[in-house]
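**Q** I would like to see how this sequence folds:
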Amino acid sequence: MDTLDLELLRTLAAIDAQGSFAAAAVHLGRTQSAVTHQMQRLEAQIGHALFEKQGRGKRLTAHGTRLLGYARQMLAIHDEALRHLRHRPVAGMVRIGAPHDVADTLLPQVLRDIAARFPGMRIDVHVGRSPFLMESLRNAELDMAISNREDPQCEGFALRASPTVWLCGAGYVHDAARPVPLIVADGPSVFRRLACEALDAAGIAWTPRHLCTSLAGIRAALRAGLGVTARGVEQLDAGLRVLGAGDGMPPLPDLAYRLCVRRGVASRSTRQVFESLRARGG
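**A** Next up, the predicted model:
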């Protein structure tokens, strides 16, 4: 009797959750070709196509959508069984850091997952600038950190890819004939680097109009109509708007946010929490 491969079903669920084969490959730590091969194997098991072309991407077929529903149920039962049968109470404290940009979006879900799976674990939350959080992680002042930075001393897995956009105040009047007045972080900042690189590559003049020590300062300067900044789309609200190609602004790359631990030296309890989150995709 044929048996569905749970690993293939987990990859199918990851493709749906992440939105594409490429994003699922990053999330699962595999190559895109490996993910494609897994879906071909799953289609061979089912005897139906699971995906069809939609523009430059792919979407689930009717059979793929039905299988996805079964896959989620089967994976939930499988993971619940393992969790209960292998359960060993984990106590203590985990110190987790998150940048201001995603403290209201990614961090709450991570905290909920930790609390649900490890009710005996106390959670110490630190919110700050990403480069300083990673420094604290390397110095063992944090156990885990959400970050958009790669660090050879740390390992991690992708939580979500976030679009980077040009933001300005709702009433800001952009003049493409003048240098772009940039509002940027004072000190190391991946958004500052991306903004400058994108403008320089496009041959667009810019000037550092305001330096701010915090995200709150950047948002205040934007709302005041003092200039433009590059930031994650999560920062968009009623007081801000996005500038795009129609305004003469160049495209910006997406940023992947990852949950990170120190490579090889995390404590047993931290490792259990981290691996549990990684197995369920954060």
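**Q** Pull the contacting residues for residue 46.
**A** Residues near residue 46 by CB atoms under 8 Å, 6 or more residues apart in numbering: 63, 67. Using the backbone N, CA and C atoms, a C-beta is placed for each residue, glycine as well.
**Q** make it 10 Å
**A** 2, 4, 8, 63, 64, 66, 67 (CB atoms under 10 Å, 6 or more residues apart in numbering).
**Q** Also residue 258?
**A** Residue 258 is in contact with 26-27, 145-151, 154-160, 282, counting by CB under 10 Å, 6+ apart.
**Q** phi, psi of it?
**A** Main-chain dihedrals, residue 258, degrees, to the nearest 10: phi -120, psi 150.
**Q** Write down the beta-bridge partners of it, one by one.
**A** In this entry, residue 258 is beta-bridged to residue 147, residue 158, by DSSP bridges.
**Q** Contacts for the helix or strand encompassing residue 134, please.
**A** Assigned by DSSP states H and E, residue 134 belongs to helix 130-138. Residues outside helix 130-138 that contact it (CB under 10 Å, 6+ apart): 95-102, 126-129, 141-151, 153-154, 156, 185, 187-191, 257, 260-263, 266.
**Q** who does the helix or strand containing residue 183 touch, helix- and strand-wise?
**A** Using DSSP H and E, residue 183 sits in strand 180-185. Under the contact definition 3 or more CB pairs under 10 Å, 6 or more residues apart in numbering; DSSP states H and E, strand 180-185 sits against strand 164-169, helix 190-201, strand 206-212, helix 215-223, strand 228-232.
**Q** Drop anything exposed from the contacts of helix 130-138.
**A** Buried members of these, counted by 16 or more other CB atoms under 10 Å: 95-102, 126-129, 142-149, 151, 154, 156, 185, 189-191, 257, 260-262, 266.
**Q** tally of neighbours for residue 65?
**A** 12 (other CB atoms under 10 Å).
**Q** Residue 273 and residue 114 touch, don't they?
**A** Yes. Using CB atoms under 10 Å, residue 273 is in contact with residue 114, at 5.9 Å.
**Q** Give the residues shared as contacts by those two.
**A** 90, 94, 96, 121, 123, 144.
**Q** Can I get the residues you listed in JSON lines including pLDDT and distance to residue 79?
**A** Conversion of the shared contacts of residue 273 and residue 114 to JSON lines gives the following (pLDDT from 0 to 100; distance: CB to CB, whole Å):
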{"residue": "90", "pLDDT": "62", "distance to residue 79": "16"}
{"residue": "94", "pLDDT": "91", "distance to residue 79": "20"}
{"residue": "96", "pLDDT": "95", "distance to residue 79": "22"}
{"residue": "121", "pLDDT": "85", "distance to residue 79": "18"}
{"residue": "123", "pLDDT": "93", "distance to residue 79": "22"}
{"residue": "144", "pLDDT": "94", "distance to residue 79": "20"}
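**Q** Specify which member of those residues is nearest to residue 239.
**A** Closest approach to residue 239 among the shared contacts of residue 273 and residue 114 (CB to CB): residue 96, at 29.4 Å.
**Q** That closest one pairs with what?
**A** Beta-bridge pairing for residue 96 (DSSP bridges): residue 125, residue 144.
**Q** how about it, what does it touch?
**A** 107, 110-111, 114, 123-127, 133, 137, 142-146, 259, 261, 270, 273.
**Q** Mind doing that once more with 7 Å?
**A** Applying CB atoms under 7 Å, 6 or more residues apart in numbering, one finds that residue 96 lies in contact with 123, 125, 142, 143, 144, 145.
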